[in-house]
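> Predicted model and sequence follow; I will ask about them next.
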Amino acid sequence: MLLAALLARLFRRGELTLIDADGHRHRFGGTPLPDVPPVTIRLHDRRLHWRLPLNPGLAAGEAYADGTLTVERGSLRDLLALATINQARDDHSALPLWRATRLWQQFNPIRRARRNVAHHYDLSGALYERFLDADRQYSCAYFRQPDMSLDEAQAAKKAHIAAKLLLAAGQRVLDIGAGWGGLALTLAQAAEVEVLGITLSEEQLAIARRRAEAAGLGGRVRFELMDYRQVQGRFDRVVSVGMFEHVGVPNYRTFFATLCRLLAADGVALLHAIGRAHGPGATNPWIRKYIFPGGYSPALSEVLPAIETADLYVTDIEILRQHYAETLLEWQHRFQARRAEIAQLLDERFCRMWEFYLAGAEMAFRNQGHMAFQIQLARDVQAVPLTRDYMAEAEARLGTAGVVRAAE
């Protein structure tokens with residue numbers, strides 16, 4: 001059986017039992033994993049006997065979402081932990097035609113970028129409010145203290161970013177990929193700045209605008225449906241959180257050249273994004289098809305060369321190693337607590353698909369070298385202080401207060 005041969009080669013640690021569609025049991029594994037219990041899965045469709053070995057990265061997620069692969073002992077999270085530990089490097093760079101196909105997968109002109117964003121972010125706002133924090137921060141939280149709640153950690157993330165931006169009253173700030181508006185509103189409240197937030201999601205735009213009016217910030221915070229390549233003018237500060245993963249490697253030079261064009265001569269920018277520690281790779285095919293079409297998390301070796309061509313200085317880099325894994329775990333707890341409501345809102349298949357997405361993403365951060373990074377940039381090497389002390393001082397002033405709550 002081709003599938004059994006593949007699993008025997010892949011699973012050398014922990015214990016996996018497969019019950020195939022004919023009812024036969026196959027056991028795989030070896031060295032025990034104390035933190036991962038034995039897992040048993042059952043296949044309910046004989047076609048999986050050849051679909052899984054031919055394209056496991058796509059077929060496993062599809063089978064779980066369709067209910068033709070079920071977990072009988074342990075949990076889905078246990079299964080994905082076991083799989084990612086046994087395949088510690090999420091590396092597709094050896095696949096045939098990898099580079100050529102990756103260029104097409106990440107081809108993101110404005111019209112296609114809007115379509116890709118709509119696929120994920122224009123889902124019902126009622127979905128996101130059921131598992132995100134009160135401010136709808138859909139990016140890596142910052143667990144400055146291990147016992148922080150998700151809301152506290154997301155507020156700490158915003159304070160961490162604000163500190164790196166060196167905000168001052170009267171500055172003009174551009175927020176590229178503003179989401180539901182939480183960061184833009186928080187920055188405006190914290191430092192009396194004016195903010196333009198841009199998004200390609202009509203659903204996010206409508207909510208962000210309502211929130212600005214409800215917070216009494218309509219005069220200083222404006223949101224527009226706009227691609228970063230369409231923005232005009234100069235800004236004292238530019239921030240982008242959780243958007244760069246949708247830019248695509250072929251557009252990195254354009255992105256940083258645009259950022260340089262928009263940034264004032266003494267301006268400061270902060271880029272917060274997901275990356276990979278093991279060098280360039282490719283997006284998991286299931287994630288690319290069902291969750292983030294056109295998405296890609298880069299290695300720093302792909303990002304820094306593009307910055308170097310854009311007349312920008314890298315003034316600080318920070319790697320947030322396991323913070324996103326903890327964020328995703330919190331999202332899973334919240335998703336499961338409201339699962340029945342989400343299933344009624346969407347459907348059961350959607351719930352299984354998102355369970356696979358959230359747990360799989362967590363394990364990519366825990367076991368496959370994914371991480372979040374923050375890169376501070378400036379056009380003038382003197383634009384930021386010589387030491388990082390100012391960050392801690394500003395962060396302490398900002399604290400974790402001032403979370404702007406959704407106003408529907």
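Yep, it's here. In this text, all values refer to a predicted model and were calculated from it rather than measured experimentally. Numbers count the residues shown, from 1 in each chain.

> What are the boundaries of the helices in the stretch 1-150 of the chain?
If you assign secondary structure with DSSP state H, counting those that start in this stretch, the helices in the stretch 1-150 of the chain sit at 2-10, 48-54, 56-66, 76-86, 98-105, 110-121, 125-128, 150-165.

> For this structure, which segments count as strands?
15-19, 25-29, 39-43, 69-73, 172-176, 194-199, 221-225, 235-241, 263-276, 313-320, 370-378 (DSSP state E).

> Make JSON lines out of those and add mean neighbour count.
No exception for glycine: its C-beta is placed from N, CA and C like everyone else's. Shown next, in JSON lines, are the strands of the chain (neighbours: other CB atoms under 10 Å):
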{"stretch": "strand 15-19", "mean neighbour count": "20"}
{"stretch": "strand 25-29", "mean neighbour count": "15"}
{"stretch": "strand 39-43", "mean neighbour count": "20"}
{"stretch": "strand 69-73", "mean neighbour count": "16"}
{"stretch": "strand 172-176", "mean neighbour count": "24"}
{"stretch": "strand 194-199", "mean neighbour count": "24"}
{"stretch": "strand 221-225", "mean neighbour count": "20"}
{"stretch": "strand 235-241", "mean neighbour count": "24"}
{"stretch": "strand 263-276", "mean neighbour count": "21"}
{"stretch": "strand 313-320", "mean neighbour count": "16"}
{"stretch": "strand 370-378", "mean neighbour count": "22"}
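
> I'd like to know which of those strands lies nearest to residue 1.
Residue 1 sits nearest to strand 25-29 of all the strands of the chain, at 7.7 Å, using CB to CB.

> for the stretch 101-250 of the chain, which spans come out with low pLDDT?
101-109, 112-114, 116-123 (pLDDT under 70).

> re earlier: with distance to residue 174 and mean neighbour count added, can I get the helices of the stretch 1-150 of the chain in CSV?
Rendered in CSV, the data for these read as follows (distance: least, CB to CB, whole Å; neighbours: other CB atoms under 10 Å):
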stretch, distance to residue 174, mean neighbour count
helix 2-10, 45, 15
helix 48-54, 45, 17
helix 56-66, 36, 20
helix 76-86, 37, 22
helix 98-105, 28, 14
helix 110-121, 17, 16
helix 125-128, 23, 16
helix 150-165, 11, 24
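
> ok, back up a step: would you reformat the strands of the chain as CSV and include distance to residue 398?
Putting the strands of the chain into CSV (distance: least, CB to CB, whole Å) gives the following:
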stretch, distance to residue 398
strand 15-19, 46
strand 25-29, 48
strand 39-43, 43
strand 69-73, 43
strand 172-176, 15
strand 194-199, 16
strand 221-225, 17
strand 235-241, 14
strand 263-276, 14
strand 313-320, 17
strand 370-378, 16
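
> Out of these, which is closest to residue 349?
It is, among the strands of the chain and with distance given as CB to CB, strand 69-73, at 13.0 Å.

> Report all helices and strands that the closest one contacts.
Counting contacts by 3 or more CB pairs under 8 Å, 6 or more residues apart in numbering; DSSP states H and E, strand 69-73 packs against strand 39-43, helix 56-66.

> Alpha carbons of it, as CSV, please.
Extracted in CSV, the C-alpha atoms of strand 69-73 (Å, rounded to 0.1, in the frame of the first residue of the first chain):
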residue,chain,number,x,y,z
LEU,A,69,-10.5,11.6,7.6
THR,A,70,-11.4,11.6,11.3
VAL,A,71,-9.3,11.5,14.4
GLU,A,72,-10.4,8.6,16.7
ARG,A,73,-7.8,8.9,19.4
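
> quick one: strands adjacent to it?
Each strand paired with strand 69-73, and its direction, by DSSP bridges: strand 39-43 (antiparallel).

> Run the chain-centre distance for stretch 49-59.
Put simply, stretch 49-59 sits 25 Å off its chain's centre (CA atoms, centre = their mean, to the nearest Å).
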